[in-house]
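Visitor: Sequence first, then the predicted structure, then my questions.
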Amino acid sequence: MANLLELKNVSKVYQRGIISPHANIALRDISLTLREDEPTIMTVAGESGSGKTTLAMLLLGFITATTGQILYRGQNIAGLVGKDRMAYRREVQAVFQDPFAVFNPFYTVDHLLTVPIKRFKLARNKTDARNRMEEALTAVGLRPEDILGRFPHQLSGGQRQRINVARALLLKPRLLIADEPVSMVDASLRANILETLRNLQRDHGVSIIYITHDLTTAYHIAKSIIVLYRGGVMEAGDVDAVIKSPQHPYTQLLVDSIPWPNLDQRWGERPIMVRESDSVSTGCPFRARCPAAMDICKTRPPLYQLNPSQAAACYLHDKQPQIVAERLSELLPA
């Protein structure tokens with residue numbers, strides 16, 4: 001069976017400037033695989049500017065890769081046309097950060113749900129369309145009688161975000177790109193939305209790429225994690241292993257920044273270095289901030305396999321076997 005999604009050495013470079021052009025590498029040599037028969041939730045984590053949203057835009061086909069290939073069910077998405085492209089648009093859906101931005105304030109909620117039904121001809125008539133909308137809303141924990149007919153401003157942020165998930169569910173997707181889906185929602189509602197996403201994966205067989213800067217939500221929802229910094233993979237593997245025992249200094253910094261409920265335990269105790277970086281493009285991108293930086297870090301480190309379910313791109317582990325980027329997905333649990 002073909003893989004559902006496969007990224008092969010994907011990079012995205014933005015050029016700016018005419019007289020003195022400067023290249024900004026937003027994503028560097030990313031490879032990963034999601035299997036068709038093993039729906040999973042994979043987290044892509046990192047701070048702002050790490051390349052998370054660029055990855056989402058590439059997967060949704062909004063931008064094209066500079067190098068490498070993105071294959072969906074064995075087909076390069078850059079070459080999809082006609083029915084194949086329509087099928088991809090239907091089967092790969094997104095839930096974005098702002099639960100209000102996707103709504104037109106002049107239309108009721110019904111409009112957001114009926115547009116994809118009409119676009120992809122999912123219903124035979126108005127009654128069938130209504131039934132499908134009600135099923136989708138019920139599946140994400142909403143009461144259709146409380147939602148349909150109302151305007152976006154009459155709903156809470158949590159309700160709007162779950163409506164976005166319901167819209168995606170209407171299309172029976174195979175892959176959902178969730179880009180910071182709970183960052184603009186009240187803390188009391190985050191658990192409900194995360195549980196909704198987990199139910200989609202468990203009950204509907206939807207694979208989810210969960211993009212976030214918040215390792216606490218990543219830990220509770222995902223099975224595997226990829227940690228990005230300046231477009232490159234710093235660490236990856238089983239989410240439990242990576243967050244409980246981070247092996248890359250950058251991942252350690254992220255974990256250390258999590259505020260714990262223990263008042264006697266301080267957070268943010270790891271030092272953040274600020275040193276000049278003469279050639280970040282050729283060395284470790286985290287070198288300028290790393291408390292363990294060495295001369296060898298001026299050369300970009302490969303990925304080292306630390307155990308059967310964890311890898312890190314750091315010379316602190318140069319005694320461990322190297323692993324090529326194409327084999328990274330073998331370490332990620334389904």
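Guide: Received, thanks. Residues are numbered from 1 along each chain as shown.
Visitor: Would you mind measuring from residue 155 to residue 117?
Guide: Look at residue 155 and residue 117: by C-beta to C-beta, to the nearest Å, they are 20 Å apart. Yep, even glycine has a C-beta here, placed from its N, CA and C like the rest.
Visitor: Apologies, that question was intended for residue 28.
Guide: For residue 28, the distance to residue 117 - C-beta to C-beta - is 39 Å.
Visitor: Between those two, which is the more surrounded one?
Guide: More crowded of residue 28 and residue 117, by other C-beta atoms under 10 Å: residue 28, with 23 against 20.
Visitor: pLDDT below threshold where in this protein?
Guide: For the chain, the stretches flagged by pLDDT under 70 are 1, 17-21, 260-281, 334.
Visitor: mind listing the helices for it?
Guide: Taking DSSP state H as the criterion, the chain carries its helices at 52-59, 82-91, 109-119, 126-139, 144-147, 157-170, 187-204, 215-221, 239-244, 249-256.
Visitor: And for the second one, what's in contact with it?
Guide: Which is helix 82-91. 61, 72, 75, 77, 80, 120, 171, 172, 173, 174, 175 (C-beta atoms under 8 Å, 6 or more residues apart in numbering).
Visitor: give the contact list for the nearest residue to residue 96 once chain neighbours are set aside.
Guide: Sequence neighbours aside, residue 179 is the residue nearest to residue 96 in space, at 5.4 Å (criterion: C-beta to C-beta, 6 or more residues apart in numbering). Residues near residue 179 by C-beta under 8 Å, 6+ apart: 52, 53, 56, 94, 95, 96, 97, 211.
Visitor: try 10 Å this time
Guide: Shown in contact with residue 179 (C-beta atoms under 10 Å, 6 or more residues apart in numbering): 44, 52-53, 55-57, 59-60, 94-98, 209-212.
Visitor: What is the neighbour count of residue 241?
Guide: Using other C-beta under 10 Å, residue 241 has 20 other residues around it.
Visitor: Stretch 34-49: which residues count as buried?
Guide: By neighbour count with 16 or more other C-beta atoms under 10 Å, stretch 34-49 contains the buried residues 34, 35, 39, 40, 41, 42, 43, 44, 45, 46.
Visitor: The first one contacts residue 7, doesn't it?
Guide: Same thing as residue 34. Yes. In this structure residue 34 lies within contact range of residue 7 using C-beta atoms under 10 Å: 9.3 Å.
Visitor: shared neighbours, these two?
Guide: By C-beta under 10 Å, 6+ apart, the residues touching both residue 34 and residue 7 are residue 329.
Visitor: surely residue 36 meets residue 71?
Guide: No. Applying C-beta under 10 Å, one finds residue 36 not in contact with residue 71, separated by 11.8 Å.
Visitor: any common contacting residues for these two?
Guide: In terms of C-beta under 10 Å, 6+ apart, residue 36 and residue 71 are both contacted by the residues 2, 3, 4, 5.
Visitor: Name only those of those that count as buried.
Guide: By 16+ other C-beta under 10 Å, the shared contacts of residue 36 and residue 71 give 3, 4, 5 as buried.
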